[in-house]
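K.L.:
Sequence and predicted structure, then a few things I'm wondering about:
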Amino acid sequence: MKWDSWIARRLPAKSVVTLTHKGIFILPSAFGIAWLLLILLLYIFGTNYQNNLIIGLSLLLASLFHTCLIYSYKNLAGLTFSVQTPPEAHAGETLPFPVKLTGKNNKHSHTTHQQICLNFAGQRHIRVHQNGEQTITSVPFEQPKRGRIQPGRITVSSNFPLGLCRAWSYVDLDIEHVVYAKPSPSDIHLSSIDSPNEQAQLHGKLKPGVDDYKGLKSYVPGESLKQVAWKQWAQGKGMLTKEFAEPEGAPVWLTFNPQSYESLELQLSHLAWQVDTLTQAQQMFGLQLNGKTIEPDTGEAHRQACQTAIALFGKPDLNQAKNERSNSPQSTRGKNAG
């Protein structure tokens, strides 16, 4: 805990992090320790037998180790890390977090950053060869659980150039992402609150109308010029017409049944699959969870809102817990002491 608090104060979370001498740590590797022992052994033999050749060899090996120490630092110094928008992910899948690496721009040197390893704590690492000004790579996070995840710091390490030293740092880009529930096929059960006796599958279907904007479609000769998207036409996107629709029948809802014999995660997986299926069919629907209601709508934004509500159902608010920890008396004393 003390180590984590010290690292958090020394290397605070930022959306863009540049490695400097303040955040780079260097220690000899196992091979480097053996190298130092060999230098010591040769020096003792050389002085004991008064052999200048052996003493010179030990000094040469020591200077090589010192050179590797400097290049280990230069290999990481100046690297800038910035987080990119992660892709949509579901529970149990490998979630790649895209990270952009920007090398130090030095007109008088052609040095590139070599053999850089990136990984989250407890996760497998990837190796990056940063030979340009910018490189985008993906740091994997395996087997994420449903809900809002904060993978934490990225460990940046390298054994370049000869493996004698290990240079590393911790980069906290304040990454946060919502992992959706894994969709599981099921029957779609829609309920109509206003008309419970009618067939719910017939409700929520979209039909041509004049109320709600649906999107754009290719212009068909003979259509009214009032519905032409002139703004898109001026941008060179061709003749497009605005399409409007309105729901047919009463609004329909996807609901969570706490009395179901199915497990919580299985019910949420079924709801996630139903949300995707209904969105693909362009059917208007709403979502009702315990204490959470999303009004009937359609479209990609509505799908993401529903999937986010399903993913966060029953999960604690990580942001609130983070704020409580930062405002706790112990945390306050630690900041004042720092």
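P.N.:
Structure received.
K.L.:
quick one: low-confidence parts of the stretch 201-338 of the chain?
P.N.:
By pLDDT under 70, the weakly predicted segments of the stretch 201-338 of the chain are 201-217, 219-220, 222-228, 230, 232-233, 242-250, 317-338.
K.L.:
quick one: residue 119 is in a strand?
P.N.:
Yes: inclusion of residue 119 in a strand is indicated when DSSP: H, G, I helix; E, B strand; the rest coil is applied.
K.L.:
where's it relative to residue 292, distance?
P.N.:
Computed with Cβ to Cβ, to the nearest Å, the distance linking residue 119 and residue 292 is 35 Å. Backbone N, C-alpha and C define where each C-beta goes, glycine included.
K.L.:
For the two, indicate the residue with more neighbours.
P.N.:
It is residue 119, of residue 119 and residue 292, that has more neighbours when counted by other Cβ atoms under 10 Å, with 17 against 13.
K.L.:
Now do stretch 173-186: distance from first to last residue.
P.N.:
Start and end residues of stretch 173-186 are separated by 38 Å (Cα to Cα, to the nearest Å).
K.L.:
Pull the distance from it to the chain's centre.
P.N.:
When distances are taken as Cα atoms, centre = their mean, to the nearest Å, stretch 173-186 is centred 11 Å away from the chain's centroid.
K.L.:
Quick one: mean pLDDT over it.
P.N.:
Stretch 173-186 shows a mean pLDDT of 91.
K.L.:
Apart from its chain neighbours, what residue comes closest to residue 32?
P.N.:
Excluding the flanking residues, the one nearest residue 32 by Cβ to Cβ, 6 or more residues apart in numbering is residue 164, at 3.9 Å.
K.L.:
List the contacts of the one you found.
P.N.:
By Cβ atoms under 8 Å, 6 or more residues apart in numbering, the contact list for residue 164 reads 28, 29, 31, 32, 35, 65, 68, 69.
K.L.:
Can you tell me which of these are classed as buried?
P.N.:
Neighbour-count burial within the contacts of residue 164 applies to 28, 29, 32, 35, 65, 68; the criterion is 16 or more other Cβ atoms under 10 Å.
K.L.:
Out of the residues you listed, flag the one nearest to residue 297.
P.N.:
Closest to residue 297 out of the buried ones among the contacts of residue 164 is residue 29 (56.9 Å), distances taken as Cβ to Cβ.
K.L.:
Phi first, then psi, for that closest one.
P.N.:
Main-chain dihedrals, residue 29, degrees, to the nearest 10: phi -80, psi 180.
K.L.:
Kindly indicate whether the most centrally placed residue in the chain is helix, strand or coil.
P.N.:
Ranked by distance to the mean C-alpha position of the chain (Cα atoms, centre = their mean), the top residue is residue 97 at 3.8 Å. Residue 97 carries the three-state label strand when classified by three-state DSSP.
K.L.:
and if you look at residue 66?
P.N.:
Applying three-state DSSP: residue 66 is helix.
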